[in-house]
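S.K.: sequence first, predicted coordinates after that:
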2 protein chains.
Amino acid sequence: MYEVALQGPRAGNPFVDVQLRAQFQCRDRVVGVDGFYDGDGVYRVRFMPDEIGEWSYRTSSNAAELDGRQGRFTCTAPAAGNHGPVRVRYVTHFAYEDGSPYVPLGTTCYAWIHQGDKLEEQTLATLRTAPFNKMRMCVFPKSYVYNQNEPVYYPFERDAAGHNDFTRFNPAFFRHLEQRVRDLETLGIEADLILFHPYDRWGYATMGAEADDRYLRYIVARLSAYRNVWWSMANEYDLGLLKSKTMADWDRLFRLVQEKDPYHHLRSIHNGMVLYDHSKPWVTHVSFQSSDFEKALPMVATYRKPLVYDECKYEGNIPRRWGNISAQEMVRRFWLGTVSGAYVGHGETYLDPNDVLWWSKGGVLHGESPRRIAFLRKILEDAPAEGLNSLSTYYLGAGQEGRYYLFYFDINQPAEYEFDLAKGVRYRADMIDPWEMTITPVAGTFEGKFTLKLPAKPYMAVRFRKVD
Amino acid sequence: MYEVALQGPRAGNPFVDVQLRAQFQCRDRVVGVDGFYDGDGVYRVRFMPDEIGEWSYRTSSNAAELDGRQGRFTCTAPAAGNHGPVRVRYVTHFAYEDGSPYVPLGTTCYAWIHQGDKLEEQTLATLRTAPFNKMRMCVFPKSYVYNQNEPVYYPFERDAAGHNDFTRFNPAFFRHLEQRVRDLETLGIEADLILFHPYDRWGYATMGAEADDRYLRYIVARLSAYRNVWWSMANEYDLGLLKSKTMADWDRLFRLVQEKDPYHHLRSIHNGMVLYDHSKPWVTHVSFQSSDFEKALPMVATYRKPLVYDECKYEGNIPRRWGNISAQEMVRRFWLGTVSGAYVGHGETYLDPNDVLWWSKGGVLHGESPRRIAFLRKILEDAPAEGLNSLSTYYLGAGQEGRYYLFYFDINQPAEYEFDLAKGVRYRADMIDPWEMTITPVAGTFEGKFTLKLPAKPYMAVRFRKVD
């Protein structure tokens, strides 16, 4: 990221009065980027170059001090571990910009950045050894069961009585958000930023169209140069306070982000009951709340976009049904999604005397599923970079025909099964126990149609890989 | 059962040439019953009286020797353990004719009566200690995977080349069937007789309307006086060879059984893909093939008839998905059905070197679910005789408001939950582990709204019973 900081007007309301843009250029390539006001008379323009080489820029503004400012810089090769932003690749899968594989295995800590540094740093420490490479997180603070605390920072200026001035952003809030996005980036974790959500007692869900648009322009200007940002337009866009927005509002908000983000970070929207029309071109992938994995195949086939089960309930023990599935069930769902050609996100809700539930506040993980998700992650990182496509087989299986097959038997426990793999290829087989986290090679090689003895236990998997 | 045996004509084809009926009378009550030809010049009329006292009868026939024969007998009190046939009671439940509770916990041995005495007697020995009180069984022999053997008896006369004469029944076949129905009766097991099925290589699935009707009249005349008979019009009535029958055929066959069976034994029809219209008045209960227990509540609410999941896949380890669910899953399904106000049937398909799979041939049980079904049966036999009705609660629960509540938490593992039971009543609570088969009383009594600590394990149940 390259950042231009400029001194500019402080008078009036710089957040609405002052426009600032910059054109960045490298050889023939020109990219237009919005700047933003960061308080105390400081304006910034951030840029994420995508080519190695010499870049120049020139600003334009309705404020004379900010207009026509120029500069140059050299974009050097990316540091080790920097693969660029995540993109849709191979139609229904993902990869980093540089082509490196990216298999989303996400988790959810909706309000983790609103908990104060101590807990937030504990969350980061937990993530350091957790298997997750995507985090669903809200920009705005959250008001909900187990979420009664006030945030440390508020996104807008507010008076002592708590009245918001939606025309004035709070730069400290956004600096803190950016710090946490950077912290995740350091850990190799994508920040799936939830721009709106219905769990609100401060007014952020119902600001009105003008304030919504201003907020999106501001956050896109501030954050789109962070390579690990994804835009999730909303969590449960169709529920509660978010019902104040119409489908046309969501279209407009989506298109605004699409237009304003010069890097085209991934864009999605997460449902409550009613699915947004994911065939719309500004939706890059399906962010799906559902526990119904039989929908995976038809959804992938319909949308021809990656499908991420971003919320399939939470491992935990709270009284609500959405927050108390067993670790076994969570692991099962990760496997069901995987062998359906989709992706699955984790979340955890164990009762805590201080209401620190991972699902919303972060902290530490208590559950039994993350270790098994780590096990699955290793398997997926060994799989073809082109991703696992549903094979539409009798037992759920995904892979790349003739090269790689991963079957999962779910509640079924056959003692044997006749597989029918692409002919003319020899495969090695592994029995996989997703819960016990064992991979047991089967003696010999296999080809075409053959019957394999299976463990006759439920929740087992089998992998076939082409013999090189 | 009272039986009248008469000598009559042997010439021609007595099965089609001779009609025989009898009127049985007790005081003002008159019941008309069909007789049948049992071979060797012997005709029989069987009668199941439903009142204690003096009965008389008088036959009518187109054969002079069989016409106008009269007799009398005394119907005495039923023997211990004889509660009469099972009836629909309390709208969506069952009870024996004398009002004793009957909670169906069935199993399936489709072709067990076609396996020869040795295996059949082993099946009966197994049933003696098994928890099942209903058996789904086919009249006709079965041709299917793992079912390649010829039957001992054929239902019709056939020549050396195997051509059937559908106008001539084989009395030995039916005597054997009756013996097995009686054997089940001795064990307190209802015989859910499947009249047609598509797994056929002998021609019984495609005899044509005339032969179908003749067969139904014959079997109803022979068997309806057995108190433990239920009529299942078909297994998978809409699949394979049974597609030769139209929906109008099924209506006609149903109505024929309804008209000919003077005792109105239970009548149902079991589906493959497409459900028969169960709102038709001759359908006494829903015999459902499905693994979808979310359908239970709407189906019971729609039909207002008992719902029996007669096939929800089989515990086992064969390669096919329908025949290899785990014992845990089978037990789960029994509980899901129960707390949805429905009933569930068992079946078992473990691979066997001699193809003796319980599901079709009987023999011995290998699985882990029957012990747990016995545990559930004990619980249900302790429950209100009026049956368990769905309570439409947040967690699946069924019972009788103010008296009895049974909740099942399935994959959910809450550590606590606030229950809301009918007020003004004190309840005792029990924690139930359906797999470990433990019932653990909770100290104290409960009333109205209260929060209970729960085991925070999946697949647990809680029972509340009114303190007397």
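M.R.: Okay, I see it.

S.K.: how does chain A divide into domains?
M.R.: A:2-75, A:86-381, A:401-466 (automatic domain parsing).

S.K.: quick one: closest of those to B:Glu386.
M.R.: domain A:86-381 (28.1 Å; Cβ to Cβ). Bear in mind the C-beta positions are built from the backbone N, C-alpha and C, glycine included.

S.K.: and that closest one, how far out from the chain's middle?
M.R.: Chain-centre distance of domain A:86-381: 6 Å, with Cα atoms, centre = their mean, to the nearest Å.

S.K.: what mean pLDDT does it have?
M.R.: For domain A:86-381, the mean per-residue pLDDT is 98.

S.K.: which strand residues bridge the spatially most central residue of chain A?
M.R.: Centroid-nearest residue in chain A, with Cα atoms, centre = their mean: A:Asp192, separated by 3.3 Å. For A:Asp192, the beta-bridge partners under DSSP bridges are A:Arg136, A:Trp230.

S.K.: any idea which of the domains of chain A is most buried?
M.R.: Of those, the one with the most neighbours on average (mean count of other Cβ atoms under 10 Å in any protein chain shown) is domain A:86-381, at a mean of 20.

S.K.: and A:Lys378, that's in a strand?
M.R.: No: the assignment for A:Lys378, made by DSSP: H, G, I helix; E, B strand; the rest coil, is helix rather than a strand.

S.K.: how long is stretch A:300-314 from one end to the other?
M.R.: With Cα to Cα, to the nearest Å as the measure, stretch A:300-314 spans 23 Å from end to end.

S.K.: can I get the domains of chain A in a markdown table with distance to B:Ala209?
M.R.: Formatted as a markdown table, the domains of chain A follow (distance: least, Cβ to Cβ, whole Å):
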| stretch | distance to B:Ala209 |
| --- | --- |
| domain A:2-75 | 75 |
| domain A:86-381 | 39 |
| domain A:401-466 | 40 |
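
S.K.: so which of the ones you listed gets nearest B:Gly448?
M.R.: Per Cβ to Cβ, nearest to B:Gly448 of those: domain A:86-381, 17.0 Å.

S.K.: what residues does chain A have near chain B?
M.R.: A:316-321, A:324-326, A:328-329, A:351, A:394-395, A:411-418, A:456-458 (Cβ under 8 Å from any Cβ of the partner chain).

S.K.: just the ones of these in strands?
M.R.: In this view, those that belong to strands under DSSP state E are A:Gly316, A:Glu416, A:Tyr417, A:Glu418.

S.K.: just name the closest of those residues to chain B, please.
M.R.: If you rank those by distance to chain B using Cβ to the nearest Cβ, A:Tyr417 comes first, at 4.7 Å.

S.K.: residues touching that closest one, list them.
M.R.: Applying Cβ atoms under 8 Å, 6 or more residues apart in numbering or on different chains, we find A:Tyr417 in contact with A:Tyr395, A:Thr451, A:Leu452, A:Leu454, B:Pro319.

S.K.: let's see it at 7 Å
M.R.: A:Thr451, A:Leu452, A:Leu454, B:Pro319 (Cβ atoms under 7 Å, 6 or more residues apart in numbering or on different chains).

S.K.: thought A:Phe419 was touching the second one, still the case?
M.R.: Yes: look at A:Leu452 against A:Phe419 with Cβ atoms under 7 Å: they come within range, at 6.2 Å.
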